[in-house]
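Asks: Any chance you could fold what I've pasted below:
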Amino acid sequence: MKDNQKTIAIFFPKDSEAIFNKTSKRTFGGSTIHLYHFARELFPLGKIFSIIPEYSTIDFPDKDKFNLVMLYKESDSPIVKFLKFRKFIKKNNIGTIIQLGLTLESCILSLYLFLIGIKFVFIFAHDVESLGFYQNSRKRCFFFCFLVKFSSMLIAQNDIEKENLISRYPDIEKKVKVLKKGIDFSKIKQSVKKEYDCISIARCEEWKNIEAYLEIARRNQNYKFLLIAPPVPGKESYYSHIKNLVNQINNVVFYSFVPYEDIYKLLSLSKIMIVTSDMEGDWPLTVLEATASGVPVISLNYSYGNLIDGYGAGFYCNGSMEKMNEYFNKLINNENLLNEMSKNAYRYSYENHNIKTNALKLAKWIGLQ
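Replies: Now for the predicted structure:
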């Protein structure tokens, strides 16, 4: 065993400020929370560095469970970032780098680390990434073959992503693992009193299809809907479009930003979650946090794993708005069914997405156990 095997650097996405500064209102994604949970659980098992940009303020509850390194300024050029990175990994004798989410830098990094003998563990953030496309732009990543060939481990979030990879690159099967997202059940809140009949949480991007959720709210004026939809840089016009739609519907409470810790409270105050995005990287973290809070799920366009068919924790609409409206009314008007699906949702989340269990799997794969 190399003496640096337990020295690991985890690179967080550039939009991570609100996770490490509870007063920040910058938009963040589920991928950041996903990585945050695993980094915190791995911290006691080795020398774990969490790499972030130079944020002006660091203030978050788990500060003593992270070894944060503010390695570069967000305004630094790619060359300056690389030079700072190279100095850091040499100085700290890094044995493994972990990064989540496909970027051009991911592909180049995989080649560079391969050449200098450092393991690179890449985690897919979305199903389309496993096909070689960027998540947000849906454009092809032309250096994807570098990532596949030179990474020491590729971690998919579901069997769909795994099959996408090995069907195109059969010789990499041994280094592809499936690791489910992890939920910290100590943070989950439960509330008997419900303030909202339905909740949806989605960044303001077109592929999240927020209009479909608002249409269900419009059709069901007697019920109270909650929408949390933070703006995304470069998507300002779509954000304005969604705000205009919300202003035309009287039964929707809209938040453009909610601190991460408050998300759990709002989930616990909700009866049902509706998901309308095109596709994801397995169930979004917000869905898993909802199920952990005992909130059943109605999904418009996808059904991953056995949440719905196996555990009976919600409904899949197969792309049909009529079905989604029918299932919402069926569930909201049947208290016994709602309670049963609530229990099923919690059981699914606990049995499949407990961060304690899933982090130990990752620890074993990367040599911390």
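Asks: Output the contacting helices and strands for the host helix or strand of residue 298.
Replies: Per DSSP states H and E, residue 298 falls inside strand 297-299. If contacts are counted by 3 or more CB pairs under 8 Å, 6 or more residues apart in numbering; DSSP states H and E, strand 297-299 sits against strand 270-275, helix 285-292, strand 314-316, helix 321-332. (C-beta placed from N, C-alpha, C; glycine too.)
Asks: Quick one: closest of the ones you listed to residue 5.
Replies: helix 285-292 (29.0 Å; CB to CB).
Asks: Can you list the buried residues in the helix or strand encompassing residue 341?
Replies: Using DSSP H and E, residue 341 sits in helix 335-353. By neighbour count on 16 or more other CB atoms under 10 Å, the buried set for helix 335-353 is 338, 341, 342, 344, 345, 346, 348, 349, 352, 353.
Asks: Test my guess that the third one contacts residue 294.
Replies: So that's residue 342. Yes. Counting by CB atoms under 8 Å, residue 342 touches residue 294, with 4.2 Å between them.
Asks: And the helices in the chain?
Replies: All helices of the chain, identified by DSSP state H, fall at 17-20, 30-42, 78-91, 104-116, 144-150, 159-168, 210-219, 236-247, 260-268, 285-292, 321-332, 335-353, 355-365.
Asks: would you list these in CSV and tack on distance to residue 97?
Replies: Shown next, in CSV, are the helices of the chain (distance: least, CB to CB, whole Å):
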stretch, distance to residue 97
helix 17-20, 19
helix 30-42, 13
helix 78-91, 8
helix 104-116, 6
helix 144-150, 12
helix 159-168, 19
helix 210-219, 35
helix 236-247, 34
helix 260-268, 25
helix 285-292, 22
helix 321-332, 41
helix 335-353, 25
helix 355-365, 14
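Asks: Give me whichever of those helices is most buried.
Replies: helix 285-292 (a mean of 26; mean count of other CB atoms under 10 Å).
Asks: Pretty sure residue 304 sits against residue 284.
Replies: No. When contacts are counted by CB under 8 Å, residue 304 is not listed as touching residue 284 (9.8 Å).
Asks: Contacts for stretch 234-247, please.
Replies: For stretch 234-247, the surrounding residues in contact (CB atoms under 8 Å, 6 or more residues apart in numbering) are 204-206, 210-211, 214, 227, 229, 231-232, 252, 254, 256.
Asks: Stretch 210-219 too?
Replies: Contacts for stretch 210-219 (CB under 8 Å, 6+ apart): 198, 200, 202, 204, 223, 225, 227, 229, 242, 245-246, 249, 251-252, 274, 276, 300, 321, 324-325, 328.
Asks: returning to that earlier point: pairing partners for the strand holding residue 298, with directions?
Replies: strand 270-275 (parallel), strand 314-316 (parallel) (DSSP bridges).
Asks: and residue 131, which of those strands is closest to it?
Replies: strand 270-275 (21.0 Å).
Asks: show me where pLDDT drops low in the stretch 201-350 of the chain?
Replies: 281 (pLDDT under 70).
Asks: swap the cut-off to 80 and go again
Replies: 279-281 (pLDDT under 80).
Asks: returning to what we had before: could the strands paired with strand 297-299 be laid out in CSV, adding mean neighbour count and distance to residue 260?
Replies: Converted to CSV, the strands paired with strand 297-299 look like this (neighbours: other CB atoms under 10 Å; distance: least, CB to CB, whole Å):
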stretch, mean neighbour count, distance to residue 260
strand 270-275, 25, 16
strand 314-316, 24, 24
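Asks: got CSV for those strands, with distance to residue 98 too?
Replies: Output for these, formatted as CSV (distance: least, CB to CB, whole Å):
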stretch, distance to residue 98
strand 270-275, 27
strand 314-316, 32
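Asks: closest one to residue 290 among the ones you listed?
Replies: Nearest to residue 290, of those and by CB to CB, is strand 270-275 at 4.3 Å.
Asks: just the angle between the closest one and helix 335-353, please?
Replies: Put simply, strand 270-275 runs at 60 degrees to helix 335-353, going by axes from the mean of the first three to the mean of the last three CA atoms, to 10 degrees.
Asks: can you pull the alpha-carbon coordinates of strand 270-275 into PDB?
Replies: The C-alpha coordinates for strand 270-275 follow below in PDB (Å, rounded to 0.1, in the frame of the first residue of the first chain):
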ATOM      1  CA  SER A 270     -45.500  19.300   2.700                       C
ATOM      2  CA  LYS A 271     -47.800  16.400   1.800                       C
ATOM      3  CA  ILE A 272     -46.700  15.500  -1.800                       C
ATOM      4  CA  MET A 273     -43.700  16.200  -4.000                       C
ATOM      5  CA  ILE A 274     -44.100  16.600  -7.800                       C
ATOM      6  CA  VAL A 275     -41.100  16.200 -10.100                       C
END
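Asks: Could you give the separation of it from the chain centroid?
Replies: 18 Å (CA atoms, centre = their mean, to the nearest Å).
Asks: So what touches that strand?
Replies: Strand 270-275 is contacted from outside by 194-201, 213, 216, 226, 267, 284, 286-287, 290, 293, 295-300, 324, 328, 331-332, 338, using CB under 8 Å, 6+ apart.
Asks: run the last query once more with 6 Å
Replies: With contacts defined as CB atoms under 6 Å, 6 or more residues apart in numbering, strand 270-275 is touched by 194, 196-200, 213, 287, 290, 295-299, 331.
Asks: Mind telling me the two of those farthest from one another?
Replies: Counting by CB to CB, the most remote pair of those is 194 and 299, 20.4 Å apart.
Asks: who's more crowded, the two?
Replies: Per other CB atoms under 10 Å, whichever of residue 194 and residue 299 has more neighbours is residue 299, with 24 against 14.
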